[in-house]
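Student: A predicted structure for the sequence below; I have some questions about it.
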Amino acid sequence: MAKNIMIQGTMSNAGKSLVCAGLCRIFRQDGYRVAPFKSQNMALNSFITAAGGEMGRAQVVQAEAAGIAPDVRMNPVLLKPTTEVGSQVIVNGTVQGNMCAMEYYRRKREYVPAIMEAYASLAAENDIIVIEGAGSPAEINLKQEDIVNMGLAKMVDAPVLLVGDIDRGGVFAQLYGTVALLEEEERTRIKGTVVNKFRGDRAILEPGLRMLEELCGVPVAGVIPYTTVDIDDEDSLSERFTRTAGRKMLDIAVIRVPRISNFTDFSPFERYENVSLRYVDRVADLYEPDLILLPGTKSTIADLLWLRQCGLEAAIQKAASAGTMIFGICGGYQMLGRTVADPQGVEAAGVTEIAGMGLLDMDTVFLGEKVQRQTEGILSGVDGSLSNLNGLAYKGYEIHMGRSQGEMPTVASHENVYGSYVHGIFDAPGIADGVLQAVCRQKGMDFGAIHAFDMEEYKERQYNLLADAVRSGLDMDLIYRIVNREV
């Protein structure tokens, strides 16, 4: 059976996911078979595996860092929020239904056998399992039924590194306060603390680190520098949404709907030197982009109503009439059609049918069974400015409850408006290039001015940069002693 190490955090967005990804890459570089694991994840960014199971994207990133294929065993329980107090519950890649928070809290111990079976199966195939916690282990109102932090650490007998975010300030209080709120048995599992996202001279930090060691009774296992790497974020805490970068030679606006999901679909466009990708949730911030992207959403109807109420729907329709290219993915694609119907109340939006934007000639009906599959092929039948995509290979995955009328092509098109159910379609070689080439033609611009790149090579370089930063910040001798139960 594999050895293990667990990364817990003092709060959400302390950097657990990327520290886990960095360790996965380090262990792989050092010759070990390594796999990630997170028993319960809550996120709208999800992925469909080759076997058709749904899992959180954070573990997909960590699997890529480990050099292995994503597998639902790495994330046996996925919660996808549908309302402020409810989520769709997915176990081992399959939808179990929608539950309110209290119902899930009462029932979550039922999923322990599935969690343990998934973990044991992964542990039988690997040398090291890198486990990620969720939120904070010191949520004292939730600890009794915990299956993702110290509760899981006990179930799989995992040593724990506790990560705090110094960039937000108060890191010593974060780390010591978390340790102080733990029970004695839980504190014995913590083998080291980690200060994450540090900028500046470590010598100034050293006195505080020594005091922290005395207070917590465990060593500081490392100080990881603030690292700028281009790796997909786990959820909507993403810094992408708050960037204020100016518009560049080509300007792309992503409509940030309230229930946005799988926004990483658009990451490929961020990697061109002279392309700006902005997330917009107000008409005043839309300006006149060269391309408007409509993302996936956990509630197409509710977010379409929101677009209507805030004026962004009218602004998108006006831009389309003026010739601006519009491209919707999944829920964003559904919004572009004539109608969206939900006769069975699948989305729980309280609306059975709503008019769409009317920019694509199709209707969508929501059904109870989710489509979740990987898909690949050769693009064909794409009209208008993006006809240059025909003949290119695509590969991605579908996750949707809605069915659009008729046999829809992979990319539906009408004049300058396009849509697709395929998440990850822009990752395939040549497709993001092809879209930007078309936009450049519309502007009378040379595509060479925005600089193309090799996506796979770029991603590998980012994982290696992350591993370099994590390795330089951590005491790797101590980490290996912790993994080998020598501490």
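Tutor: Sure thing, it's come through.
Student: which stretches of the stretch 201-350 of the chain have low pLDDT?
Tutor: 233-245 (pLDDT under 70).
Student: would you list every one of the helices in it?
Tutor: Here the stretch 201-350 of the chain has its helices, by DSSP state H, counting those that start in this stretch, at 202-216, 300-310, 312-321, 331-335.
Student: over to the stretch 1-150 of the chain?
Tutor: Going by DSSP H, counting those that start in this stretch, the stretch 1-150 of the chain shows helices at 16-29, 57-66, 101-107, 112-123, 150-156.
Student: for the ones you listed, which one sits closest to Ala315?
Tutor: helix 57-66 (29.4 Å; Cβ to Cβ). Every residue, glycine included, has its C-beta placed from N, CA and C.
Student: excluding its backbone neighbours, what's nearest Pro343?
Tutor: With Cβ to Cβ, 6 or more residues apart in numbering as the criterion, Pro343 has its nearest non-adjacent residue at 5.6 Å, and that residue is Thr352.
Student: now the one you found. Its backbone dihedrals?
Tutor: Per-residue torsions, Thr352: phi -90, psi -30 (degrees, to the nearest 10).
Student: and it, what pLDDT?
Tutor: pLDDT, Thr352: 91.
Student: does it touch Thr339 like I think?
Tutor: No. Contact status for Thr352 versus Thr339: not in contact, 10.8 Å apart, counting by Cβ atoms under 8 Å.
Student: neighbour count for those two, which is higher?
Tutor: Shown here are Thr352 and Thr339; by other Cβ atoms under 10 Å, Thr339 has more neighbours (15 against 12).
Student: wait, what's in contact with the residue lying closest to the more buried one once chain neighbours are set aside?
Tutor: Nearest non-adjacent residue to Thr339, counting by Cβ to Cβ, 6+ apart: Asp363, 4.6 Å away. Residues in contact with Asp363 (Cβ atoms under 8 Å, 6 or more residues apart in numbering) are 337-341, 356, 404-405.
Student: ok, of those, which come out buried?
Tutor: For the contacts of Asp363, a neighbour count by 16 or more other Cβ atoms under 10 Å gives the buried set as 337, 340, 356, 404.
Student: can you say which two of these are spatially most distant?
Tutor: Applying Cβ to Cβ across these, the maximum distance is between Gly356 and Ser404, 10.5 Å.
Student: from Ala21, how far off is Ser12?
Tutor: 16 Å (Cβ to Cβ, to the nearest Å).
Student: ok, the two, which is more surrounded?
Tutor: Ala21 (29 against 14).
Student: can I assume that one is in contact with Tyr463?
Tutor: Yes. With contacts defined as Cβ under 8 Å, Ala21 counts as touching Tyr463 at a distance of 7.1 Å.
Student: excluding its backbone neighbours, what's nearest Lys197?
Tutor: Here the residue nearest Lys197, using Cβ to Cβ, 6+ apart, is Asp167, at 3.8 Å.
Student: which residues touch the one you found?
Tutor: 196-199, 226.
Student: quick check: phi and psi on it?
Tutor: phi -60, psi -30.
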